[in-house]
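Whatever this is, show me its structure:
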Amino acid sequence: MKLFGTTPDGKVVNSYELTNSKGAKLEVINYGATVSALKIPLKNGEMVDVVLGFDNLESYINSFDLPSAPYLGTTVGRYAGRINDAVFTLNGKAVHLEKNNNGNSLHGGIDNFSKKVWEVKKVNEGANPSITLTYLSPANEANYPGDLSVELTYILSEENELIIRYSAKTNEDTMVNLTHHSYFNLDGHSSSVVNQELIVNTRQMLEVADDCIPTGRVLEVNNTDFDFFTPKKCPASIDNTFVLRGKDEFAASLFSEKNNLKMTVYTDQPGVHIYVGGNCFNTIKGKENADYHTLSGICFETQNFPDAPNHGHFPSALLKKGEEYVHNTLYKFKSL
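Numbering: from 1, shown residues only. Below is the predicted model of the structure:
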């Protein structure tokens, strides 16, 4: 553990490093429960940092003031993705959220989990090292009902997997949809992703209107620009949710021919939202003085569907009092 910085209101933020027996390294800061670095060993003995990030706390904080906040490596909540018109109905009552995206609510609103200083509950070193962080979101934070207690564990397995486990409980019925927002780049965090091969293991995606709000329809992607069932180069622009086929199947994969490195994504969530970006608008420097641009990384946001509270036929995002929200996602890296 080492000091990473102090927030303007005096909260201490630390950086934690986990290393497995293969030499892979995971760095996590407790601001936003953020993955700040993930260094994977290659067969040629080199290491590649496969996620975008910043070198200091000030840059993470200031990134939320960019024209489009990148959420580099953060934990997103209470609700990942967009909610139409920033409102949903719960138990017959309209819940009005913070509008922060063209009149909609995005990623939990203005006062979201990515900006919070999380508590570090425990750090386990040795085989399959891990770190567990917690955050208590009080009732009516960002206008969401119920005290929500969240626990998040990052595990760096001996098989070079980043395993993410979420658990949440509430004392009042509420809506929950958490996700991880790392921008991956298997060529290294200062490169472009356009030459890497993407597979999305489904033939279905959500239809969206011009403002990226789901219409409620599920589209077949066969023979369209969104058909990644067979490998294609990463698209230059994508911001779409794909409907997954089941938790026993992989959700997506990414392959770098340059580094001969493959990442495979597994999840128990019904969807994966894929987004290419990372742009810091020549305003904030990334790690090691990198200039992050619109093609710097690709996100695999495993989650429930955006705007699910407003679509009765979507998987439910309702977390009832006394029940538990559980979400497991795994990013497996293999040097070929």
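
Next up, phi/psi of Asp211, please.
The phi and psi values for Asp211, taken as degrees, to the nearest 10, are phi -90, psi 20.

ditto for Tyr60
For Tyr60, the backbone dihedrals (degrees, to the nearest 10) come out as phi -60, psi -50.

Next: Asp227.
Per degrees, to the nearest 10, the backbone of Asp227 is at phi -90, psi 100.

I'd guessed Gly103 sits against Ile83; true?
No. At 10.7 Å, Gly103 does not count as touching Ile83 under the criterion of C-beta atoms under 8 Å. All C-beta spots, glycine's among them, are computed from the backbone N, C-alpha and C.

In terms of neighbours, single out the busier of those two.
Of the pair Gly103 and Ile83, Ile83 is the one with more neighbours under other C-beta atoms under 10 Å, namely 27 against 11.

Counting neighbours, what do you get for the closest residue to that one other than its chain neighbours?
Of all residues beyond its chain neighbours, the one nearest Ile83 is Ser105 (4.4 Å), with distances taken as C-beta to C-beta, 6 or more residues apart in numbering. For Ser105, the neighbour count with other C-beta under 10 Å is 28.

what about Ser105, which helix or strand?
With secondary structure defined by DSSP states H and E, Ser105 is part of strand 105-106.

Equivalent analysis for Lys169, please.
Residue-wise, Lys169 maps onto strand 161-170 under DSSP H and E.

And the helix or strand just after that strand, what does it pack against?
The helix or strand immediately downstream of strand 161-170 is strand 174-175, counting by DSSP H and E. The elements that strand 174-175 packs onto, with contact taken as 3 or more C-beta pairs under 8 Å, 6 or more residues apart in numbering; DSSP states H and E, are strand 87-90, strand 318-319.

Return the distance of the residue nearest to Ile83 relative to Tyr60.
For Ser105, the distance to Tyr60 equals 22 Å [C-beta to C-beta, to the nearest Å].

Tell me how far the strand holding Ser105 lies from the chain's centre.
When distances are taken as C-alpha atoms, centre = their mean, to the nearest Å, strand 105-106 is centred 15 Å away from the chain's centroid.

repeat for stretch 5-21
19 Å.

List the contacts of that stretch.
1-4, 25-31, 36, 56-58, 61, 117, 120, 123, 125, 127-131, 154, 156-158, 160 (C-beta atoms under 8 Å, 6 or more residues apart in numbering).

run the last query once more with 7 Å
With contact meaning C-beta atoms under 7 Å, 6 or more residues apart in numbering, stretch 5-21 is reached by 1-4, 25-31, 36, 56-58, 117, 123, 127, 129, 131, 156-158.

now the longest strand along the chain and strand 161-170, what's the angle there?
Using DSSP state E, we find that the single longest strand of the chain is strand 324-335. On the basis of axes from the mean of the first three to the mean of the last three C-alpha atoms, to 10 degrees, strand 324-335 is oriented at 170 degrees to strand 161-170.

Please work out the average pLDDT along strand 324-335.
For strand 324-335, the per-residue pLDDT values average out at 98.

quick one: contacts for Glu141?
Glu141 makes contact with Asp111, according to C-beta under 7 Å, 6+ apart.

what's the distance between the closest residue to Tyr331 other than its chain neighbours and Glu27?
In this structure, Tyr331 finds its nearest non-sequential neighbour in Leu162, 4.5 Å apart by C-beta to C-beta, 6+ apart. Leu162 sits 11 Å away from Glu27, going by C-beta to C-beta.

Tell me which of the two has more neighbours.
A direct count of neighbours by other C-beta under 10 Å for Leu162 and Glu27 places Leu162 higher, at 26 against 21.

export stretch 282-298 as PDB, just CAs?
Taking C-alpha atoms only, stretch 282-298 is exported to PDB below (Å, rounded to 0.1, in the frame of the first residue of the first chain):
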ATOM      1  CA  ASN A 282      -5.600  16.600 -25.000                       C
ATOM      2  CA  THR A 283      -6.400  18.000 -21.600                       C
ATOM      3  CA  ILE A 284      -5.200  15.300 -19.100                       C
ATOM      4  CA  LYS A 285      -2.200  13.100 -19.600                       C
ATOM      5  CA  GLY A 286      -2.600   9.400 -19.100                       C
ATOM      6  CA  LYS A 287      -0.100   7.100 -17.400                       C
ATOM      7  CA  GLU A 288       3.500   7.600 -18.400                       C
ATOM      8  CA  ASN A 289       2.600  10.800 -20.200                       C
ATOM      9  CA  ALA A 290       0.300   9.000 -22.700                       C
ATOM     10  CA  ASP A 291      -2.200  10.900 -24.800                       C
ATOM     11  CA  TYR A 292      -5.500   9.000 -24.700                       C
ATOM     12  CA  HIS A 293      -7.700   9.500 -27.700                       C
ATOM     13  CA  THR A 294     -11.000   8.100 -29.200                       C
ATOM     14  CA  LEU A 295      -9.300   4.700 -30.100                       C
ATOM     15  CA  SER A 296      -7.200   4.200 -27.000                       C
ATOM     16  CA  GLY A 297      -9.200   1.300 -25.400                       C
ATOM     17  CA  ILE A 298     -12.200  -0.900 -25.500                       C
END
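
Great, nothing more from me.
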